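In: Got a predicted structure here, sequence first:
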Amino acid sequence: MGWVGVCNPQPEQAIYANKEKMSNPYITMIASEWVDPIADLSASWQKRMVANPHISHMTPQDRGTCCAIILLFVVMLESYTVRADFDIESEEGIDIKKSSVRKFDARGWWEKSNYHAKEDVVDVFVMRDAIAHNHLYGYDDPHPALPIKYTHLDGGDNKFRSRTREGRLTRTGLSCIPGEIGPNEVIGISRISEGALRFLCEKFPGVGEVDFFIARRGAAKNLWECVFSAADMASRLKVRTI
């Protein structure tokens, strides 16, 4: 378990972080435990590209890796958001046991926050829905000429549609067509996630540090360098969908 979402917690600090404020001092979280899987995916992706320097397109394997990294970032951010909300409840003296039965909405939490880039964070969750729910984009031509242009969307609720236009998120400009998600989306989502986590770290001490030095891979000193290095390498290749 990731005690209170701290990267390298000291046992006493982790277990008893909010003991005075809570009837139950134990908090189970995944949080920072998503860090190594994200780093492993990024590092292995980069190794594949180094081993195949003449790659000039995004393969299905590459696109699957991009989507997996994005999904892991979103669930990690959601885990830390729950932790921050827990701090708010305990500070306000809310009965944690009773309030825990409510359905937590991470997207709604950020929409109500005072974070200056909260609309970007909302796009992160919209992107998650597009991938996890596999929104389908239709094409009238079974063999369309490049660049591919979809003709209609089969999937997504009104909230999703209100934030998208022509296959892109209107706030961040990132592609939300599952088959076209690539390194640019990985870079965008990871940068937004990093900013959001630093905001949580500043406002809610229980979140802990978010540099994630535990994710050192090769020359990368932390998680962010690991992800950016791999995605930047991919984005500098000549990318085309197949």
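Out: The structure has been received and is ready for your questions.
In: residue ranges of the strands in this protein, please?
Out: Along the chain, counting by DSSP state E, strands occupy 136-138, 152-154, 164-165, 168-169.
In: nearest residue to residue 86 other than its sequence neighbours?
Out: With sequence-adjacent residues excluded and distances taken as CB to CB, 6 or more residues apart in numbering, residue 86 is closest to residue 27, at 6.9 Å. Where you see a C-beta, it was placed from the backbone N, CA and C, and this is true even at glycine.
In: Next: residue 156.
Out: Per CB to CB, 6+ apart, closest to residue 156 is residue 135, 4.9 Å.
In: how far away is the one you found from residue 86?
Out: According to CB to CB, to the nearest Å, residue 135 and residue 86 sit 31 Å apart.
In: These two - which one has more neighbours?
Out: The residue with more neighbours, out of residue 135 and residue 86, is residue 86; 23 against 20, by other CB atoms under 10 Å.
In: Report pLDDT for the more buried one.
Out: Residue 86 is assigned a predicted lDDT (pLDDT) of 85.
In: please begin residue numbering at 260 from this point
Out: Taking 260 as the first residue, the last one we looked at is residue 345.
In: Would you mind confirming that it makes contact with residue 290?
Out: No. Contact criterion CB atoms under 8 Å: residue 345 and residue 290 do not qualify, at 11.5 Å.
In: In this protein, where is pLDDT below threshold?
Out: 260-285, 313-316, 348-361, 400-408, 410-411, 497-501 (pLDDT under 70).
In: quick one, helices of it?
Out: Applying DSSP state H to the chain gives helices spanning 270-274, 294-310, 319-350, 355-358, 365-370, 377-391, 417-421, 442-462, 482-494.
In: mind listing what the residue nearest to residue 415 touches?
Out: Contacts for residue 394 (CB atoms under 8 Å, 6 or more residues apart in numbering) come out as 388, 412-415, 419, 435-437.
In: Let me know the closest of the residues you listed to residue 460.
Out: Residue 460 has its nearest neighbour among these in residue 388, at 25.7 Å by CB to CB.
In: Residue 306 - how many residues pack around it?
Out: Counted with other CB under 10 Å, residue 306 comes out at 13.
In: ok, now how distant is it from residue 488?
Out: 11 Å.
In: now do residue 370
Out: 32 Å.
In: higher neighbour count, those two?
Out: residue 488 (18 against 14).
In: So that one sits against residue 308, correct?
Out: No. Using CB under 8 Å, residue 488 makes no contact with residue 308, being 10.5 Å away.
In: Out of the strands of the chain, which gets nearest to residue 294?
Out: Comparing the strands of the chain by CB to CB, strand 427-428 comes nearest, at 25.2 Å.
In: Tell me how far that closest one lies from the chain's centre.
Out: Between the centre of strand 427-428 and the centre of its chain there are 16 Å (CA atoms, centre = their mean, to the nearest Å).
In: swap in stretch 481-489?
Out: 14 Å.
In: same question, stretch 364-373
Out: How far stretch 364-373 lies from its chain's middle: 15 Å, per CA atoms, centre = their mean.
In: Next, count neighbours for residue 288.
Out: Residue 288, neighbours per other CB under 10 Å, totals 18.
In: how far away is it from residue 341?
Out: Relative to residue 341, residue 288 is positioned 7 Å away (criterion: CB to CB).
In: if I pick residue 480, what's in contact with it?
Out: Residues in contact with residue 480 (CB under 8 Å, 6+ apart) are residue 472.
In: Out of the strands of the chain, which is closest to residue 479?
Out: strand 427-428 (27.4 Å).
In: Give me the helices and strands touching that closest one, please.
Out: helix 377-391 (3 or more CB pairs under 8 Å, 6 or more residues apart in numbering; DSSP states H and E).
In: Double-check residue 474 against residue 331; I have them as touching.
Out: No. The criterion here is CB under 8 Å, and residue 474 misses it with residue 331 at 11.9 Å.
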